[in-house]
Every structure is written in C-alpha cells, then in structure tokens.
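Novice: Give me the fold of what follows.
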Amino acid sequence: MMPMKILPQTPLPTEITRRARHRAAAERVLTHADASTRLKGAMAAGTHPDPELLDLLVTRGAVEDDFNVREMLVWALLSLPAALTVPRMVDQLDDPRPQARAQALHALSKIGDKSAWPAITQTHLDDPDLQVARSAWRAAAALVPAGGEPELAQQLARHLGRGDHDTQRGLSLSFFALGVAAKPALQAMVDHEHPAVAAHAGASLELLVELG
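Specialist: Got it, this is the predicted structure:
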C-alpha cells in the first residue's frame, strides 16, 4: 500500500478574504488624514504583530510626515521577527527618498541586529541629508562589530562641526555610544583650525569623561 501524501495546507477562501480585509483596514487607518488616527493604527499594529503588514509599515514610514507616527511605525516593526524586518530595512537603504533611508537606518539601530552592519556604507554616513546622516551615525554606532569602534570614530570625526545643534548633538551621542574607543579620534580634532570643529570635538569629549 502506497503511503498517503500529506499535501501542504493552503488558506481557505474565507481565510484569504479575512486577511485581505485586515490589510485593507490597516491601510485605511494608517493613511487616514488625522495623525492621531494614524498613531493609533501604528500602535495597534505593534500590539498585535502581523508579518503580513510588514510592507505596509515600511511604505508608510517612508512618507509619514508626523514624527510621533513614524516612531510608532518603527515600534511596530520591532514587534516583528528580525529575520523579516532586517532584510526589508536593508533594501530600503538604497531608496532615493531620504526619509525612507532615514527611517530604515533608525529601525536598524533599534533592532540591533549586527548582521546589517555591512549594509551601512560611507555613503550613508556622508549623506547630504542631515536626517539620513544622523540616523546612519546612530545605526553605525549601534551595529559596529567589536574592535571596529576606533575606525568608525575616525570616519564620524569627519563630520564634527557639521549642521545645526540637533545634528551635532546626534553625532556626539554616537561618539558616546562608541565609548572610550572614540577618544583618540576626538582628541586629534580638539586643535582643529576650524573653531566649530574644535568646539564640537571638545564637547563630545566631555560626554566621555565619565567613562574614564
């Protein structure tokens, strides 16, 4: 007697319909004109994780104009398995839209999966868009492999004195995340001929004092 083959289960038509309705409902909420409604939708997506909403969460993050909603979209992504989210975020790093790149880098810094490290390139660290650059600095500091901190600090030191207060503070916090390994790169810049660079290097060093 031939053994009975067990065929893989496929969703029943009613289940397919339910999933489609669920995705459509989530899209309606996340594209609503009211930001508070979108915020609640993103919160719901994180509270009840659904891998089928991954693409929707990513595409919305690339265009969402409300900061709080964008943060909640990242939180929702964190509720999904890293095996799904990390490759999707890495794909976004080459998106021509600055916000899409920034959102992906921000999410990668929060996920903390070091397998994404090779995807963060000098191009991202040098991005002309300040939002993207800040996100890249933060992600690089979070994901750099052990032993790579001094080299990364030297790369980041090229941006000392760049941008407004928020940008400079973001860079200083990235040095702080690298710890004492960032000290040599900063000390080499405290006597820089450009006053803004020297001042920023000194301020960043002050953050590291408590680390010894």
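Novice: Going by C-alpha atoms from here, please, whenever you check contacts or count neighbours.
Specialist: Will do.
Novice: what about stretch 155-163, distance to the chain center?
Specialist: Counting by CA atoms, centre = their mean, to the nearest Å, stretch 155-163 is centred 20 Å from the centre of its parent chain.
Novice: And for stretch 95-107?
Specialist: 7 Å.
Novice: Going by neighbour count, which residues of that stretch are buried?
Specialist: For stretch 95-107, the neighbour count (16 or more other CA atoms under 10 Å) marks P98, Q99, A100, R101, A102, Q103, A104, L105, H106, A107 as buried.
Novice: Among the residues you listed, which one sits closest to T47?
Specialist: Distance to T47, by CA to CA, is smallest for A107 among the buried residues of stretch 95-107, at 17.1 Å.
Novice: does that closest one sit in a helix or strand, and which one?
Specialist: The secondary structure element spanning A107 is helix 98-111 (assigned by DSSP states H and E).
Novice: Just name whatever secondary elements that helix is in contact with.
Specialist: helix 54-61, helix 67-78, helix 82-92, helix 130-143 (3 or more CA pairs under 8 Å, 6 or more residues apart in numbering; DSSP states H and E).
Novice: Just want the angle from the last one to helix 98-111.
Specialist: What it means is helix 130-143. 20 degrees (axes from the mean of the first three to the mean of the last three CA atoms, to 10 degrees).
Novice: how about helix 130-143 as PDB, C-alpha atoms only?
Specialist: Extracted in PDB, the C-alpha atoms of helix 130-143 (Å, rounded to 0.1, in the frame of the first residue of the first chain):
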ATOM      1  CA  LEU A 130      21.100  65.600   7.800                       C
ATOM      2  CA  GLN A 131      18.200  63.300   8.900                       C
ATOM      3  CA  VAL A 132      19.700  60.400   7.000                       C
ATOM      4  CA  ALA A 133      23.200  61.200   8.200                       C
ATOM      5  CA  ARG A 134      22.100  61.400  11.900                       C
ATOM      6  CA  SER A 135      20.300  58.100  11.500                       C
ATOM      7  CA  ALA A 136      23.300  56.500   9.800                       C
ATOM      8  CA  TRP A 137      25.700  57.600  12.600                       C
ATOM      9  CA  ARG A 138      23.400  56.200  15.200                       C
ATOM     10  CA  ALA A 139      22.900  52.900  13.400                       C
ATOM     11  CA  ALA A 140      26.600  52.500  12.700                       C
ATOM     12  CA  ALA A 141      27.500  53.100  16.400                       C
ATOM     13  CA  ALA A 142      24.900  50.600  17.400                       C
ATOM     14  CA  LEU A 143      25.900  47.900  15.000                       C
END
